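Asks: structure of the sequence below:
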Amino acid sequence: MRITLERARRLYLRKQLLAGKPARATAEAILSVVRDVCYVQWDPTDAVAPSHIISLWSRLGDFRLSDLDRLLWRDRKLFLYWTPVASLVLTEDYPIYSALMRRYTESPPDNIGTGLARARKFLAEHRELRKKMLIELKKKGPLQLTQFQDYVRTGRTDGWTSGSDVSSMIRYLNMSGEVMVVGHNGLQNLWGLAEEFLPSSVDRTKLTEEEFEHEAAQRALRALGTAFEREIYLYFPRDRYRNLKKTLENLEREGRIHRVHVEGLGRKGEQYVHDQDLRLLESTDSEESERRIRLIAPFDTLLCDLARTKRLFEFEYIHENYLPVSKRKFGTFVHPLLWGDRLIGRVDLRMDREKEKLNVVSVHAEPGAPGGREVSSKIAEILEQFGEFIGAKDLVYPARVPTGWRSVLH
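Replies: As a prediction, this is how the structure comes out:
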């Protein structure tokens, strides 16, 4: 099958739940978002609003934060796991994550990477610390990191967190599935024993490595619409496949996935599409008569592979919050603007909670972005709605905005 780049892009947006009318913002709809996109990256930084909150809002509108808290901490239908970024994931998918967890203890020594080797070395050298921390959680938990008896800041870093052997141990205990985030105290994680937190009904099926890759690759491809092998590898669970090429060959042989050539990507345009999405792929040209503006979170799954974002949307995005101020072009907390199936601009936002104002620090239009009152009015409308959702009573624009949007954004 040969398809246009536009059709591949539209299917991707549909699979990411960023096309069409948003679903009714219920607790079940939150679960459906996580189920369809595989994970929602968790980032509690609230200079604007936590990235995971924005990602859910862009797909659902004004959902209730209490629903998300209930799904996490009471119903436990969601939990936090690092894949390798901190993410909201489905408890019903526990067999997938359990397969990753078992690698820390069951993988043959000759089948582990440097990260796992480093973890095993640390765990072997700190057996007593592991034992003491698990006992503390059993007797006193849940606990914040600083509440563990042996917590002493050292200034050392292991690439994931810094400060102590306790912080390194909590990471490895989490990755191996012995402890989990069971709540929050402000921005601080509360850690508890997984055996006490997980519902008794959780599926504890043990997947083999082949079964794990077979399931995960299909989930990733269905969330992407069409994708190269490398894009599947980087999407879900990111950087965790060991034999993806063989897995995709087997899935193609079984008729689960098919090859598709996406025009506009050159000779390397041959991608995969899942069998269940063939009908959707064929129907994307006739859908979406109504265009909507969507505000995209900085760590949204739409932006998790920036090379893919550039290929599909001709949109180059950089997380400028990691750059020195002098090198920032668009701002610190930059949110792309999606219009229909195009990324047409970006806004740098900052929430002033003391004054209850959402400050639009800057607005930038992409070259060739549509102008006029229709588009600018919808941009203003989505920013006002988002501001209301996060508690802003006022919306403040910068003095300079793109010419085509100036009549409304002021």
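Asks: contacts, neighbours, all on C-alpha from now
Replies: Will do.
Asks: can you list the low-confidence ranges for this structure?
Replies: Along the chain, segments meeting pLDDT under 70 span 107-112, 152-163, 267, 284-290.
Asks: tell me the strands beside the longest strand along it, with direction?
Replies: As assigned by DSSP state E, the longest strand anywhere in the chain is strand 342-352. Each strand paired with strand 342-352, and its direction, by DSSP bridges: strand 334-339 (antiparallel), strand 357-365 (antiparallel).
Asks: show me what the first one is in contact with.
Replies: Residues outside strand 334-339 that contact it (CA atoms under 8 Å, 6 or more residues apart in numbering): 291-298, 319-320, 343-349.
Asks: next one: the longest one
Replies: With contact meaning CA under 8 Å, 6+ apart, strand 357-365 is reached by 48, 330-331, 344-352, 387, 392-398, 400-402.
Asks: off-centre distance for that strand?
Replies: Counting by CA atoms, centre = their mean, to the nearest Å, strand 357-365 is centred 23 Å from the centre of its parent chain.
Asks: kindly report the same for the first one.
Replies: Shown here is strand 334-339, whose average C-alpha point lies 16 Å from the average C-alpha point of the whole chain (CA atoms, centre = their mean).
Asks: got the end-to-end distance for stretch 171-188?
Replies: 14 Å (CA to CA, to the nearest Å).
Asks: quickly note the distance from residue 397 to residue 361.
Replies: 7 Å.
Asks: which one of the two has more residues nearby?
Replies: residue 361 (20 against 16; other CA atoms under 10 Å).
Asks: from the strands paired with strand 342-352, which stretch is densest packed?
Replies: strand 334-339 (a mean of 23; mean count of other CA atoms under 10 Å).
Asks: end-to-end on stretch 18-33?
Replies: End residues of stretch 18-33 are separated by 10 Å (CA to CA).
Asks: show me the strands in the chain, by range?
Replies: Using DSSP E, strands in the chain cover 2-3, 40-41, 78-82, 86-90, 179-185, 188-193, 226-227, 257-262, 270-274, 293-295, 334-339, 342-352, 357-365, 394-396.
Asks: what residues sit buried inside the longest one?
Replies: Okay, so that is strand 342-352. Neighbour-count burial for strand 342-352 flags 342-351 (criterion: 16 or more other CA atoms under 10 Å).
Asks: contacts for that strand, please.
Replies: Residues contacting strand 342-352 (CA under 8 Å, 6+ apart): 47-49, 313, 315, 330-338, 357-367, 369-370, 392.
Asks: surely residue 382 and residue 294 touch.
Replies: Yes: when contacts are counted by CA atoms under 8 Å, residue 382 is listed as touching residue 294 (7.3 Å).
Asks: more neighbours: which of those two?
Replies: Remark: of residue 382 and residue 294, residue 294 carries more neighbours, 24 against 19, as counted by other CA under 10 Å.
Asks: beta partners of that one?
Replies: Residue 294 forms beta bridges with residue 338, as assigned by DSSP bridges.
Asks: next, work out how far apart it and residue 263 are.
Replies: From residue 294 to residue 263 the distance is 26 Å (CA to CA).
Asks: sorry, back to before: dump the buried residues of strand 342-352 into a markdown table; add distance to residue 103 as well.
Replies: Formatted as a markdown table, the buried residues of strand 342-352 follow (distance: CA to CA, whole Å):
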| residue | distance to residue 103 |
| --- | --- |
| 342 | 40 |
| 343 | 39 |
| 344 | 42 |
| 345 | 42 |
| 346 | 40 |
| 347 | 41 |
| 348 | 40 |
| 349 | 40 |
| 350 | 41 |
| 351 | 41 |
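Asks: closest to residue 76 among those?
Replies: residue 351 (30.2 Å; CA to CA).
Asks: where's the closest one relative to residue 16, distance?
Replies: From residue 351 to residue 16 the distance is 26 Å (CA to CA).
Asks: how many other residues sit next to the closest residue to residue 1 other than its chain neighbours?
Replies: Spatial nearest neighbour of residue 1, excluding adjacent residues (CA to CA, 6 or more residues apart in numbering): residue 260 at 5.0 Å. Counted with other CA under 10 Å, the neighbours of residue 260 add up to 20.
Asks: contacting residues for residue 260?
Replies: 1-3, 226, 270-273.
Asks: name the member of the residues you listed with the most neighbours.
Replies: Most crowded among these, counting by other CA under 10 Å, is residue 226 at 30 neighbours.
Asks: tell me how many other residues crowd residue 66.
Replies: The burial count for residue 66: 10, using other CA under 10 Å.
Asks: and it, how far from residue 18?
Replies: Distance from residue 66 to residue 18, by CA to CA: 23 Å.
Asks: same check, this time on residue 183
Replies: Residue 183 is 29 Å from residue 18, by CA to CA.
Asks: so which of these two has more stuff around it?
Replies: Taking neighbours as other CA under 10 Å, residue 183 and residue 18 compare with residue 18 leading, 25 against 20.
Asks: grab the nearest non-local neighbour of the more buried one.
Replies: Residue 18 sits nearest to residue 59 (CA to CA, 6+ apart), 6.0 Å away.
Asks: ok, the nearest residue to residue 256 once chain neighbours are set aside - how many residues close by?
Replies: Nearest in space to residue 256, with sequence neighbours left out and distances taken as CA to CA, 6+ apart, is residue 275 at 5.3 Å. Residues contacting residue 275 under the criterion other CA under 10 Å number 17.
Asks: residue 14 now?
Replies: Neighbour tally, residue 14, other CA under 10 Å: 21.
Asks: tell me the contacts of it?
Replies: Applying CA under 8 Å, 6+ apart, the residues contacting residue 14 are residue 20.
Asks: roughly how far apart are it and residue 225?
Replies: Computed as CA to CA, the residue 14 to residue 225 distance reads 8 Å.
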